[in-house]
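K.L.:
model this:
(one chain, ligands or ions: 1)
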Amino acid sequence: MKPFLGICLGFQTAVIEFARNVLNLKDANSAECSDTVEHAVIIDMPEHNTGDMGGTMRLGKRTTVFKPNIQSKIKRLYGNVEQIEERHRHRYEVNPKYIEEIEKQGLKFVGVDIDAERMEILELPSHPYYVAVQFHPEYLSRPMDPSPPFMGLILAAKDRLNSYFARGCKLSPREPQSDYYDSDDELDHLTLKQATIYSTDETDGRKPDKSILLPQVGGKLLQIRKACVPVTILAPNVGPEEKLQKK
Ligand SMILES: NC(=O)CC[C@H](N)C(=O)O
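P.N.:
Coordinates of the predicted model:
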């Protein structure tokens with residue numbers, strides 16, 4: 001059973017797939033994909049005004065509440081908190097008409113909006129990691145503070161999710177967050193080097209954007225991950241041929 005993480009439309013298609021293959025509603029679909037579908041398990045939200053796209057999205061940071069007294073991997077990954085804030089960007093939602101039947105068949109909506117009307121997180125408890133979220137967890141993921149749904153996906157893919165839970169959601173020293181640390185000893189040699197960051201299209205003019213600190217081990221730069229924009233990093237006192245490109 002392969003781990004799965006669905007995001008936004010991925011959350012909606014997970015519901016469609018479950019409706020087709022477990023609820024046996026063979027034509028189940030989203031109203032976004034078909035006007036004539038009999039079993040529209042995903043529908044446009046009441047405030048979505050069809051034909052008037054601008055400003056009708058459910059957009060931005062909103063609260064998701066975990067249902068009380070549930071066994072949920074994703075809730076544990078979020079530190080067993082009662083509610084979370086994540087960013088949204090969608091117009092469609094799970095059709096309330098089908099929620100009871102979907103849950104009865106085993107797919108659980110473990111997180112909902114504050115009015116408990118909108119389904120926000122689903123999970124298949126019997127599966128090693130089958131999670132989908134209506135929001136966009138990638139927006140709030142940071143290099144040293146990775147988003148819990150992604151963390152769960154990667155740990156499950158490496159068959160490490162249960163040991164991670166057993167350790168109280170802590171990575172072991174042998175399993176650090178960065179793949180670029182080969183051993184604990186290397187952490188002793190971690191240093192920071194001052195460098196200037198340039199946006200790629202400005203390198204000709206050499207307009208520095210800002211100064212940053214680059215983590216290094218033994219003079220070797222650690223790769224900077226999850227950069228949102230293409231950047232050129234120019235370490236001080238090195239020639240242009242030694243500059244590092246990150247696209
Ligand atoms: N961001 C998305 O994936 C959007 C999903 C879907 N089109 C909706 O509006 O609900």
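
K.L.:
now the helices for this structure?
P.N.:
Along the chain, counting by DSSP state H, helices occupy 9-21, 73-77, 96-104, 148-157, 161-166, 184-188.

K.L.:
Figure out which of the ones you listed is closest to Val65.
P.N.:
For the helices of the chain, proximity to Val65 was assessed by C-beta to C-beta; helix 73-77 is nearest, at 10.6 Å. The way it works is simple: take the backbone N, C-alpha and C, and place the C-beta from them, glycine included.

K.L.:
could I have that closest one exported to PDB, CA atoms only?
P.N.:
Provided in PDB are the C-alpha atoms of helix 73-77 (Å, rounded to 0.1, in the frame of the first residue of the first chain):
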ATOM      1  CA  LYS A  73      -2.000  10.100  11.800                       C
ATOM      2  CA  ILE A  74      -2.300  13.600  10.400                       C
ATOM      3  CA  LYS A  75      -3.400  15.000  13.700                       C
ATOM      4  CA  ARG A  76      -0.400  13.400  15.400                       C
ATOM      5  CA  LEU A  77       1.800  14.800  12.700                       C
END
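
K.L.:
Are there helices or strands packed against it, and which ones?
P.N.:
Under the contact criterion of 3 or more C-beta pairs under 8 Å, 6 or more residues apart in numbering; DSSP states H and E, helix 73-77 touches strand 108-113, strand 119-123, strand 130-133, helix 148-157, helix 161-166.

K.L.:
Return the helix or strand in this structure with minimum mean pLDDT.
P.N.:
Sorting the helices and strands of the chain by mean pLDDT, DSSP states H and E puts strand 244-246 at the bottom, at a mean of 47.

K.L.:
Now distance to Asp35, mean pLDDT and mean neighbour count too, for the helices of the chain, in CSV please.
P.N.:
Conversion of the helices of the chain to CSV gives the following (distance: least, C-beta to C-beta, whole Å; pLDDT from 0 to 100; neighbours: other C-beta atoms under 10 Å):
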stretch, distance to Asp35, mean pLDDT, mean neighbour count
helix 9-21, 16, 98, 19
helix 73-77, 33, 98, 21
helix 96-104, 17, 98, 14
helix 148-157, 32, 97, 20
helix 161-166, 41, 94, 15
helix 184-188, 58, 51, 11
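
K.L.:
Now distance to the ligand too, for those, in TSV please.
P.N.:
As requested, these are exported to TSV (distance: least, C-beta to the nearest ligand atom, whole Å):
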stretch	distance to the ligand
helix 9-21	3
helix 73-77	18
helix 96-104	15
helix 148-157	15
helix 161-166	25
helix 184-188	38
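
K.L.:
now these in TSV, with distance to Leu140?
P.N.:
Shown next, in TSV, are the helices of the chain (distance: least, C-beta to C-beta, whole Å):
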stretch	distance to Leu140
helix 9-21	17
helix 73-77	14
helix 96-104	27
helix 148-157	10
helix 161-166	20
helix 184-188	26
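
K.L.:
Out of those helices, which gets nearest to Ala40?
P.N.:
Closest approach to Ala40 among the helices of the chain (C-beta to C-beta): helix 96-104, 8.8 Å.

K.L.:
And for that closest one, what's in contact with it?
P.N.:
15, 18-19, 23, 39, 41, 94, 109, 117, 119 (C-beta atoms under 8 Å, 6 or more residues apart in numbering).

K.L.:
just for this protein, where's the confidence low?
P.N.:
47-55, 173-194, 196-247 (pLDDT under 70).
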